[in-house]
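Enquirer: Here is my input, please return the structure:
(2 chains)
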Amino acid sequence: MARIELDHLAHSYAPDAPDPAWALRPIDMVWEDGGTYALLGPSGCGKSTMLNIISGLLRPSQGRVLFDGRDVTALDTGRRNIAQVFQVPVIYTSMTVAQNLAFPLVCRKVAPAIIRRRVGDIAERLGLAPHLQRSAVGLTADHKQLVSLGRGLVREDVSAILLDEPLTVIDPQMKFELRKILKQINEEFGITMVLVTHDQNEAMTFARTVVVMNHGEVVQAGTPQDLFEHPATTHVGYFIGSPAMNFVEARLEGGMVRAPALGLARAAPAGLAGGDLALGFRPEHLAPDGPGQRVGGRVTRIWFEGLEEVAEIARDDATFRARVPSGMFRTGDDATLALPDDRLLVYREGRLVV
Amino acid sequence: MYRQKYLFLTPGLIALVAIILFPLLFTIRVSFSGWDVYNPGLSWKGGQNFSRLMADSRYWAALGRLSVMAVGTVLIQYVLGFALALLVWRDVIARRFFRVLFLVPMMTTPVIMSVIWRTIFHESLGPLNPIIRGLGLPGVPWLSDPVWAFVAVMLVEIWQWTPFMFLLLLAGLLSLPSEPYLAARIDGAGPVRTFFSVTFPGLAAISVGAIVIRLIEASKILDTVYVMTSGGPGESTETASYYIYIRGLRDFQIGYSAALSIIYLVIMIVALTIIAKLLVRFLVRPAP
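Expert: Below you'll find the predicted structure:
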């Protein structure tokens, strides 16, 4: 178990090119021992690159990786004592489940008696005990993924478990089960876990800290609550939350930031320069009535979502979405909703001002 | 309902009967006849050809020789082909050049190359013995000694057909997913353990296919033997197909050679089925 530090880490797959395309831009980050982290972002944003650098499958072009303050950048992946679970379940096809689980210990020349005990314990913990003597090839996808995870857990001193979209190929029902098992294992063993995913739901429910990435950069790192209520950029606002955050063009007028298209306004923070301004608000923060400003228009579409509905409301050229109680509006209705002042955020050049 | 399906099946069935079934059935009929150079035609001799065959020790010896040669060459081809494929699998210098180079022997004509090899093996005029003597070793009676002649034929077979193994195994290697290799690295496995835990099991199915295909091909060996040794010295390199060729096309005992062919076919089908099953059991099918 270890505290992982990324020190000025950066990576390019062609570092010698005159204008290297950075898969990962310079980054400093600390992952506390025993924490749960999620790297969230679209495909190609650099999250898998970062994971492979931490596990040692990739040597970074710049910077250092530290485990508990010890520089491991040059260390081979086997000696870093990392466990990694891949998107595709990896099993050794010629071996039984027990042999699969024992493999990392056999490679490290651990005594057979200890191996037997560890394999037994972990199989019991992961619910694989009845399958131990079966061939691993015959298992279902979720059991295979548990075997992959188990190969990480059999090492008592494993530094961290890196999960590279491990739930993508799992049935929805089993996904929930596996996620639960992962969380329990984190709590029981206190192992640092880093989950790479492009599914915001998975990230928000699994991790205490979510790191949103885009174009090789960390855009925002924070608790799920933080990301939801104060997205650092418009990109995070779009990416987190369903439906996405509403943004409307705005301009600076006499100490106020105004969005004339929707008739919204809020006091400009001191020192705000002009430029590309926008006001943003969450569909969840609109209420049928209450304090704050009124915003309205004609309902053009409705999505059913159980007890609630998402209504798309248009006014002139601008549209926004609101999460409202089911049955409140019908398509074509005129709607007016209330938005508390502190829920209206100001963005300049795509970044949160206040 | 689908009665017109027979209409569509007919052309295929006719071709099947004409191409596969008819020659086979005809051969079976001929094998019960006494067709030879004096009495051509489909006479009926009952099982006489087969009882003669049972007592024909030259045929059984040729079959035994063939099994040694086929199994021996194919196993060596497999090991060499695997080694060559591993050599040019990953990023090495001039990878494409070597990949093509290793395939060259397969693209040559067996008969022509056998002539070339016969010249190379020639005891007094060929280039091989002077090289061996240059190394301080005694010259080898390549084609005049029974054991060395057998070795020489095997060498040519191995030279010619190792590229086939190489090609299939390289294709197999290139199709292996990368994740198991990453996982093996993370689990702390070294190169040897990675080979036996990931690479070899990953290629088990394709290995069985390649070995069986090569065994079928190798069992038909005729041209190399014909050109290099003509089955000699004595009968020391005579294989089953070469013996059948002698009986059928040199002695014109058509009926008898048909009987030899039929028995050869039956033995091959039984033997290859058993070999394929054993290979699948030991290589492909996972542990219980």
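
Enquirer: Over to residue A:304: give its phi and psi.
Expert: With angles defined as degrees, to the nearest 10, residue A:304 sits at phi -80, psi 130.

Enquirer: Tell me if I'm right that it and residue A:329 touch.
Expert: No. Between residue A:304 and residue A:329 no contact is recorded; they are 12.0 Å apart, counting by CB atoms under 8 Å. (C-beta placed from N, C-alpha, C; glycine too.)

Enquirer: Of those two, which one has the most company?
Expert: In terms of neighbours (other CB atoms under 10 Å in any protein chain shown), residue A:329 is the more surrounded of residue A:304 and residue A:329; the figures are 20 against 9.

Enquirer: Quick check: the gap between the residue most central in space within chain A and residue A:198.
Expert: By CA atoms, centre = their mean, chain A has its centre lying nearest to residue A:40, at 3.1 Å. Computed as CB to CB, to the nearest Å, the residue A:40 to residue A:198 distance reads 7 Å.

Enquirer: and the residue in the stretch 251-354 of chain A positioned nearest to chain B, what does it touch?
Expert: Nearest to chain B in the stretch 251-354 of chain A, going by CB to the nearest CB, is residue A:350, at a distance of 36.0 Å. Residues in contact with residue A:350 (CB atoms under 8 Å, 6 or more residues apart in numbering or on different chains) are A:233, A:234, A:235, A:276, A:278.

Enquirer: 10 Å instead?
Expert: Residue A:350 is in contact with A:232, A:233, A:234, A:235, A:236, A:237, A:247, A:276, A:278, counting by CB atoms under 10 Å, 6 or more residues apart in numbering or on different chains.

Enquirer: now swap in residue B:129 and tell me
Expert: Residue B:129 neighbours (CB under 10 Å, 6+ apart): B:120, B:121, B:122, B:123, B:137, B:138, B:139, B:140, B:141, B:142.

Enquirer: at 7 Å instead, please
Expert: B:123, B:139, B:140 (CB atoms under 7 Å, 6 or more residues apart in numbering or on different chains).

Enquirer: again with residue B:210
Expert: Neighbouring residues of residue B:210 by CB under 7 Å, 6+ apart: B:165, B:168, B:169.

Enquirer: Also residue A:325?
Expert: Per CB under 7 Å, 6+ apart, neighbours of residue A:325: residue A:308.

Enquirer: That one bridge partners, please.
Expert: Beta-bridge pairing for residue A:325 (DSSP bridges): residue A:308.

Enquirer: okay, and for the stretch 1-150 of chain B, where does confidence drop off?
Expert: For the stretch 1-150 of chain B, the stretches with pLDDT under 70 are B:1.

Enquirer: Smallest gap between it and chain A, at which residue?
Expert: Nearest to chain A in the stretch 1-150 of chain B, going by CB to the nearest CB, is residue B:91, at a distance of 14.6 Å.

Enquirer: Can you pull the phi and psi angles for the closest residue to residue A:297 other than its chain neighbours?
Expert: Of all residues not flanking residue A:297 in the chain, residue A:315 sits nearest, at 3.2 Å (CB to CB, 6 or more residues apart in numbering or on different chains). For residue A:315, the backbone dihedrals are phi -140, psi 120 (criterion: degrees, to the nearest 10).

Enquirer: The stretch 1-150 of chain B against chain A: which residues are in contact?
Expert: Nowhere does the stretch 1-150 of chain B come near chain A, counting by CB under 7 Å from any CB of the partner chain.

Enquirer: Show the residue spans covered by the helices in the stretch 1-150 of chain B.
Expert: All helices of the stretch 1-150 of chain B, identified by DSSP state H, counting those that start in this stretch, fall at B:5-16, B:22-31, B:48-54, B:57-87, B:95-107, B:110-121, B:128-134, B:146-174.

Enquirer: Go through these and pick out the most buried.
Expert: helix B:146-174 (a mean of 20; mean count of other CB atoms under 10 Å in any protein chain shown).

Enquirer: just the angle between it and helix B:110-121, please?
Expert: Helix B:146-174 and helix B:110-121 meet at an angle of 130 degrees, taking axes from the mean of the first three to the mean of the last three CA atoms, to 10 degrees as the criterion.

Enquirer: would you say residue A:249 is within a strand?
Expert: Yes. Assigned with DSSP: H, G, I helix; E, B strand; the rest coil, residue A:249 falls within a strand.

Enquirer: Now it: closest residue in space, sequence neighbours ignored.
Expert: Residue A:249's closest residue in space is residue A:278 (CB to CB, 6+ apart), at 5.9 Å.

Enquirer: Buried ones in stretch A:310-317, by neighbour count?
Expert: Neighbour-count burial for stretch A:310-317 flags A:310, A:311, A:312, A:313, A:315 (criterion: 16 or more other CB atoms under 10 Å in any protein chain shown).

Enquirer: Next up, identify which helix or strand the fourth one is on.
Expert: The reference is to residue A:313. Residue A:313 belongs to strand A:308-315 when elements are defined using DSSP states H and E.

Enquirer: Let's see that strand as CSV, backbone CA atoms only.
Expert: Output in CSV follows, covering the C-alpha atoms of strand A:308-315 (Å, rounded to 0.1, in the frame of the first residue of the first chain):
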residue,chain,number,x,y,z
GLU,A,308,-39.0,13.0,-12.9
GLU,A,309,-38.9,14.3,-16.4
VAL,A,310,-36.4,16.4,-18.4
ALA,A,311,-38.1,19.2,-20.3
GLU,A,312,-36.4,21.1,-23.1
ILE,A,313,-37.6,24.7,-23.0
ALA,A,314,-37.0,27.2,-25.8
ARG,A,315,-37.2,30.9,-25.8
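
Enquirer: quick check, distance from that strand to the centre of its chain.
Expert: 27 Å (CA atoms, centre = their mean, to the nearest Å).

Enquirer: Check the average confidence over that strand, would you?
Expert: Strand A:308-315 comes out with an average pLDDT of 90.

Enquirer: Name the surrounding residues that touch that strand.
Expert: Identification of contacts with strand A:308-315 by CB under 7 Å, 6+ apart yields A:243, A:261-262, A:283, A:296-303, A:319-326, A:329, A:335.

Enquirer: Would you mind listing which of the residues you listed are buried?
Expert: A:243, A:261-262, A:283, A:296-297, A:299, A:302, A:319-324, A:329, A:335.

Enquirer: List buried members of the contacts of residue B:129 by neighbour count.
Expert: In the contacts of residue B:129, the ones that pass as buried (16+ other CB under 10 Å) are residue B:140.

Enquirer: which helix is the longest one in chain A?
Expert: When chain A is parsed with DSSP state H, its longest helix is helix A:172-189.

Enquirer: C-terminal to it, which secondary structure element comes first?
Expert: Next along from helix A:172-189, by DSSP H and E: strand A:192-197.

Enquirer: returning to that earlier point: give me the subset of the contacts of residue A:350 lying in strands.
Expert: Of the contacts of residue A:350, the ones assigned to strands by DSSP state E are A:247, A:278.

Enquirer: Quick check: the farthest pair among the contacts of residue A:350?
Expert: A:236 and A:276 (16.8 Å; CB to CB).

Enquirer: Return the member of the buried ones among the contacts of strand A:308-315 nearest to residue B:184.
Expert: residue A:243 (43.4 Å).

Enquirer: quick one: the closest one is in a helix?
Expert: No. Counting by three-state DSSP, one finds residue A:243 to be coil, located in no helix.

Enquirer: didn't it look like it was pressed against residue A:283?
Expert: Yes. With contact defined as CB atoms under 7 Å, residue A:243 counts as touching residue A:283 (5.4 Å).

Enquirer: Tell me the bridge partners for the nearest residue to residue A:333 once chain neighbours are set aside.
Expert: The shortest distance from residue A:333 to any non-neighbouring residue, by CB to CB, 6+ apart, is to residue A:299 (4.8 Å). Beta-bridge partners for residue A:299, by DSSP bridges, are residue A:313.

Enquirer: Residue A:317 versus residue A:299, what's the distance?
Expert: From residue A:299 to residue A:317 the distance is 16 Å (CB to CB).

Enquirer: So residue A:167: helix, strand or coil?
Expert: coil.

Enquirer: residues in contact with it?
Expert: For residue A:167, the contact set (CB under 7 Å, 6+ apart) comprises A:175, A:178, A:179, A:202.
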